[in-house]
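Enquirer: pasting the sequence and the predicted coordinates here, then a few questions.
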Amino acid sequence: MTTYETKWDTLADIKDELAARDWFMGTSGNLSIRVDENSFLVTSSGLDKRKRTANDFLLVDLEGRPLESTSAKPSAETLLHCEIYKKTPAGASLHVHTVANNVISELFYQEGAVTFQHQELIKAFGLWGEDDILTIPIIRNDADIPTLAAHFSAYVSKEKGAVLIHNHGITVWGVNGFEAKKLLEACEFLFQYKLSLIQLKGGVLHGNY
Ligand SMILES: CSC[C@@H](O)[C@@H](O)C(=O)COP(=O)(O)O
Ligand SMILES: [Zn+2]
C-alpha cells in the first residue's frame, strides 16, 4: 500500500466514526490528514460525509490547490487546514459542528475563550497538573475564508490544539488521526459537561457555574 492509500483509509475510518456520532449534520464538517511535507488529503466540499465514496478526499498542496485531476472540490475551509500543516508538524485536523460546541461558543464568545480546570479529560491535551487550565479560544465566524484562516492562524503554533469558531464549530489538530480524534472527543465531553452544569446550577445568566 502507498502512503496515499494508507492515509486515505485512516481518514475514511475516522470519517465513519464521526459519522456514527452524527457529527456531520447537513454536510457540515471537514477532515484532513497529512500525506507528506507538502501535501495532505482533505474532504471534498459539500458531500454527505456519512457515505463512503471514491470522491471523499482529494490531495492538495499546502496552499490548498488540488494536486490531482478530479471533479471533486476541496473543502471550502481547506485554508484552515493549510495553516495547521504549514505552521506545525501536525498529522491530522478535524472540524465538526455540534450543538454543544456551538452553544458553548455563543455563551463564552464575549470572553474570547472557554476554560476548563479540575477536569480529568484536559489530560487529552497533555495537561497533567492538578491545577492546569485548558483554554480554547473562540474566534469570529468570518464569512471570508482567507480572513477566517488568518484569524485562526494566530492560535496555531503547537502540534496539537483546538479552536472554536463562533456559532460554527470546532477545529482540532494532533500528531496523527488518533490523537486528533481523541482531542475532538475530549472537547465534546467537556462542552457537554459544562452545558449540563450550567443548566443544573440555574443558568449562565446567573453566573452559577
Ligand atoms: C453546509 S454547512 C457547513 C459549511 O459551510 C462548512 O462550515 C463546513 O463545515 C463544510 O463545508 P465543506 O466545504 O463541505 O467542507
Ligand atoms: Zn464548518
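Expert: Everything's here; your move. Ligands and ions are numbered 1, 2, ... in the order given.
Enquirer: hey, let's count contacts and neighbours off CA atoms from now on
Expert: OK.
Enquirer: for the chain, give me the ranges with low pLDDT.
Expert: 204-209 (pLDDT under 70).
Enquirer: which bits of it sit near ligand 1?
Expert: 26, 27, 28, 29, 30, 45, 46, 75, 76, 77 (Cα under 6 Å from any ligand atom).
Enquirer: counting neighbours, what do you get for the closest residue to the first one other than its chain neighbours?
Expert: Excluding its sequence neighbours, the residue lying closest to residue 26 (Cα to Cα, 6 or more residues apart in numbering) is residue 48, at 7.6 Å. The burial metric for residue 48, expressed as a neighbour count using other Cα atoms under 10 Å, is 17.
Enquirer: isn't residue 48 up against residue 29?
Expert: No. Taking Cα atoms under 8 Å as the definition, residue 48 is not a contact partner of residue 29, at 9.8 Å.
Enquirer: got a list of what the closest residue to residue 139 other than its chain neighbours touches?
Expert: Distance criterion Cα to Cα, 6+ apart; nearest residue to residue 139, sequence neighbours excluded, is residue 165 at 5.0 Å. By Cα atoms under 8 Å, 6 or more residues apart in numbering, the contact set of residue 165 is 105, 138, 139, 140, 141, 171.
Enquirer: which parts of stretch 81-99 are buried?
Expert: 81-86, 88-99 (16 or more other Cα atoms under 10 Å).
Enquirer: hang on, I meant stretch 61-75
Expert: 61, 62, 63, 64, 66, 72, 73, 74, 75.
Enquirer: the fourth one and residue 178: what is the separation?
Expert: Spatial separation of residue 64 from residue 178 under the definition Cα to Cα, to the nearest Å is 23 Å.
Enquirer: same thing with the first one?
Expert: Note on residue 61: its distance to residue 178, by Cα to Cα, is 22 Å.
Enquirer: put together a markdown table for the residues of the chain next to ligand 1, with distance to residue 38 on each row.
Expert: Output for the residues of the chain next to ligand 1, formatted as a markdown table (distance: Cα to Cα, whole Å):
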| residue | distance to residue 38 |
| --- | --- |
| 26 | 31 |
| 27 | 27 |
| 28 | 26 |
| 29 | 23 |
| 30 | 19 |
| 45 | 21 |
| 46 | 24 |
| 75 | 18 |
| 76 | 19 |
| 77 | 18 |
